[in-house]
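Enquirer: Pasting a predicted model and its sequence here:
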Amino acid sequence: MKRKTLNTQWLLWSLLAMVLASCVTINIYFPAAAAEEAARTIVRDVLGKDDEAQKPQQTPQEKPQSSRESGLARGLAMRLLDALVPAAHAAQANIDISSPAINAIRASMAKRQGALAPFYRKGVIGFDRNGLVSVRDLSAASLRDRSRVKKLVAAENRDRNALYREIARANGHPEWEKDIRATFARVWAEEANPGYWYQAADGSWQQR
Amino acid sequence: MTVLVLLPLLAVAAPVELALSIADLQREGVQARGIELALVHRGGDYDLRLKVASLRLPGLDAPLKGVELDCPGAPADWPALHCRKAVLKIAASPWGRQHLRLDLDSNGSDQWRARFSGLRLAGDRLSGRLSWRAGRWRLSARARALQLKRLPGLTAWRRKQGLDALDGRLAATLDLSGDAGGVRALKAKGRFGRLAWADSAGEQAAEKLAGRFEVEGRQSGGWRGSLDLRLEAGELYSDPVFLDLGKQPLHLRAGGRWRSPELDLTRLSLDAGQALRADAALVLDTGKKQVRSGRAHLESASLKDLHRQLLQPLLADGPLAELELEGRGSLDLRWADARLAALDAQVKGADLDRAAGLGANGLAADLHWRRDGRVAPSRLSLAGGHLGRLDFGAARADFVMSGPSAWLSRPLVIPFYEGKIRLDRLTWVQTAQGPDVGFSLDLEGVQLEQLSTDLGWPRMRGALSSRVPRARYHDGSLRVDGDLLVRAFDGSLRLKRLRLDDLGSVAPVLRGEVELRGLDLLKLTQTFSFGEMQGRLDGEVRDLRLVAWRSDQFDAHLYTAPHDDLRHRISQRAVENLTELGNGVSGALSSSFLRFFEQFSYDRIELRIRQRGDTAWIDGIPAPDGGYYLVKGAGIPRIDVIGRNRKVGWDDLLARLRSIRFKGVKVR
């Protein structure tokens, strides 16, 4: 009887310990689907594309932002935590892209798109794998335009970097900037207009 | 040297034939192998035939192979050689296979000279002279249409320079002289056309370049020489500079000495017409690509041409690219110890204009800067100008620029709407992080009537005075230390803890607080045609944050001033407007019997608005039934404006504000 009581106590203490341990390592999931939707909205807006024109080409998997440790105890604890704190599981935040700073950056990028578009089409510049614009063949621009292209690219990249940082900040997770940038990098490539160039993950340039 | 002589001598009356074979001959840098000489003597003349299997000449990387010289009818003047209408064939040379006509003279020992024509080189046939005397040689050649891309050795040179392509045509005369050690002097003069080059990065390129050149150089402990270059057509891009030479030809002249890595340009001049003329004397370090010492004088008789032809392509789509610039100016620069040491600039009769931006007319500047030591004062004056829609009058700034700093030497006063903007203090320190600017600013007696009209606001009356006691801009942020006080509507607005971050970015962030004290509501509401109200208004706006000049958050509290001695009256229209603001409903009053009353008494007015991003919360004086008073009435007929909705979308609230019947005001 005493042995049974001890076992029960041990089990309770173990469960409690696991719950407490799990509380420390709650994984905050990067809302990849929401981020992708937000990125697609912004990218289409900047590129001047009809929002209904093209649906997302793939459904990305939710990705945990911090690495998950394996292990039975951790698995049990997570399940227990999910049962105890359902809200934690449901906390798939939306991505807010309506802050004044984001709006201002979007407006600035959309305004610049008209100047950039001819250079995208000629293959002078393209969407790179870091979510920025890169000069891929300056020689394809006329001599008169070359200095202008470089300045436009610098200004566009200033805005893009500010946009990724601002989206992360506006959503209360500055640490998401890297994931947001990666999401945008993929969406820019997917939404690139026909004839535009984009950089594949291996660094090679491809034409849409 | 091995000599094998065969002398098949025939009878004296018959032609004499002589054959000479030399296996190897070396002298003063010349190396010949497999020499075969044949002479046929007839009367006073002889025919000469010389074959050399391999001939290496000074200055040539590769030997000439299969050289054959046929010289018929040379007068017998042994050991001298005088050969007219000779033919020289070369099976292989750095310039390919050759078939030349020659006139050749030699004294048979240490000097000889040759005239040649028909030298095939890069798609052209060259003519010229080559001479040798006492170990020194000289070559003069003339080309009429040389194709640069076919020049031997050019590909290797081009690659070494990082160029992917180089092409063009050249017509030139070339005069080279030297000795066994190589070229000692050169002179070249000619024209070039369709010249083009491009590097792999696309940052150095030229297209259809045409022009003339004259270059001269002599080696004596380094090279001394001069260059005269005229670029008359085509386009040139050297990152980030673009030149359309068809529109504005360039004439460059330079003279000096070069001893690697130092290039001492004792005279350098550039003529780009009205746009720019420059002359300079500079010592350059070509390794470090910097100016070690020297001076330069630049002058523009037309700042308009300078901006359009040389500067505009550099400015891309930035605000300065839209600038319209007139007038003339000059700039003097001096370098010492590999750093800029002095700058003097004059601008006269300049006008600059940018639509809806900054404009100034009658601009004159006399600027002086020294890296260290004493410096003359600088002056900047203008007859008038505009900033956006606002005009300002004639002003003159006196200041000093020395080292990394600049400061006003006396207060700057700018006439502004019958009042003035006064800057008592303005300092500029250039740091590694950018400029660090400090200033204090006073606005004195600025008349609001014309100012408000020019801004497109409702016509306001009275004068505006305010003071920025101390402000600092550094690292993209502008901070105002102390309060900015604006006197208006018989009261005051005090702007506190103002801070502007990310200035110059797409989304600058303004933070601060506002304190309103004793504003006369009658004057305020008459100005904005909100509907007449009487009384005094106090208020605070805390945690104000504007991002990209749009409100992102604030906590505003506006209320009837305590101990207010003015009458408290509110018009029907003002009631309607406040009702609409609080509840989003209008016309409630006009549908009741109260519409017969023009004005009502009130006890207190209070409005609280809290904004956080997309959402705003409205509040007022707590009402007993759960709502809140925006206007708490008094007397008879009594009217209360009670708000029911507390939470509202910020955009909805803005829409309500927009729909309020302000006369002549567009609410943004």
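Expert: Received, thanks. Since we're looking at a predicted model, the values are computed, not measured. Numbers count the residues shown, from 1 in each chain, chains lettered A, B, ... in the order given.
Enquirer: May I see the buried residues of stretch B:374-382?
Expert: By 16 or more other C-beta atoms under 10 Å in any protein chain shown, the buried positions in stretch B:374-382 come out as B:375, B:378, B:380, B:382. Yep, even glycine has a C-beta here, placed from its N, CA and C like the rest.
Enquirer: Rank the helices and strands of chain A by mean pLDDT and give me the bottom one.
Expert: Within chain A, no helix or strand scores below helix A:86-90, which has a mean of 39 by mean pLDDT, DSSP states H and E.
Enquirer: I'd like the distance between A:Leu116 and B:His568.
Expert: According to C-beta to C-beta, to the nearest Å, A:Leu116 and B:His568 sit 59 Å apart.
Enquirer: I misspoke; the intended subject was B:Glu232.
Expert: On the measure of C-beta to C-beta, B:Glu232 and B:His568 end up 82 Å apart.
Enquirer: which residues of the stretch 551-668 of chain B fall in helices?
Expert: For the stretch 551-668 of chain B, the helices defined by DSSP state H, counting those that start in this stretch occupy B:572-583, B:650-659.
Enquirer: before we move on, what about the stretch 101-250 of chain B?
Expert: So, for the stretch 101-250 of chain B - with DSSP H, counting those that start in this stretch - the helices run B:154-160.
Enquirer: which residues of it score low on pLDDT?
Expert: Within the stretch 101-250 of chain B, no stretch has pLDDT under 70.
Enquirer: So what's the residue count around the closest residue to chain A within it?
Expert: Residue of the stretch 101-250 of chain B nearest chain A, by C-beta to the nearest C-beta: B:Gly202 (3.0 Å). B:Gly202 is flanked by 21 other residues according to other C-beta atoms under 10 Å in any protein chain shown.
Enquirer: again, but for the one 10 residues further on
Expert: B:Arg212 is surrounded by 16 other residues when neighbours are defined as other C-beta under 10 Å.
Enquirer: what's the answer for A:Arg129, then?
Expert: There are 18 residues near A:Arg129, going by other C-beta under 10 Å.
Enquirer: Kindly report the same for A:Ala170.
Expert: A:Ala170: 20 neighbours (other C-beta under 10 Å).
Enquirer: and the helix ranked longest in chain A, what other elements does it pack with?
Expert: The single longest helix within chain A, with elements called by DSSP state H, is helix A:143-170. Helix A:143-170 is packed against helix A:100-122, strand A:133-135, helix A:177-191, strand B:204-219, strand B:223-238, strand B:241-244, with contacts defined by 3 or more C-beta pairs under 8 Å, 6 or more residues apart in numbering or on different chains; DSSP states H and E.
Enquirer: beta partners of B:Cys83?
Expert: For B:Cys83, the beta-bridge partners are B:Leu104 (DSSP bridges).
Enquirer: Cross-check the contact I'm expecting between it and B:Asp103.
Expert: Yes - judged on C-beta atoms under 8 Å, B:Cys83 makes contact with B:Asp103 at a distance of 6.9 Å.
Enquirer: With neighbour numbers in mind, choose between those two.
Expert: Set B:Cys83 next to B:Asp103 and count neighbours by other C-beta under 10 Å: B:Cys83 wins out with 24 against 16.
Enquirer: Now do the contacts for the more buried one.
Expert: B:Cys83 makes contact with B:48, B:69, B:71, B:74, B:102-105, according to C-beta atoms under 8 Å, 6 or more residues apart in numbering or on different chains.
Enquirer: and if we set it to 10 Å?
Expert: The neighbours of B:Cys83, taking C-beta atoms under 10 Å, 6 or more residues apart in numbering or on different chains as the test, are B:47-48, B:50, B:69-75, B:102-106, B:112, B:114.
Enquirer: B:Ser200 - how many residues pack around it?
Expert: 12.
Enquirer: Just confirm it contacts B:Gln161, I think it does.
Expert: No - B:Ser200 is beyond contact range of B:Gln161, at 11.2 Å (criterion: C-beta atoms under 10 Å).
Enquirer: Tell me the bridge partners for B:Leu484.
Expert: Under the criterion DSSP bridges, B:Leu484 forms beta bridges with B:Leu495.
Enquirer: show me what contacts it?
Expert: By C-beta under 10 Å, 6+ apart, the residues touching B:Leu484 are B:441, B:443, B:466-469, B:471, B:493-496, B:498, B:512, B:514.
Enquirer: Now the buried members of these.
Expert: Judged by 16+ other C-beta under 10 Å, buried ones among the contacts of B:Leu484: B:441, B:443, B:466-468, B:471, B:493-496, B:498, B:512, B:514.
Enquirer: Restricted to strands, list the contacts of B:Cys83.
Expert: Using DSSP state E to define strands, the subset of the contacts of B:Cys83 located there is B:47-48, B:50, B:69-75, B:102-106, B:112, B:114.
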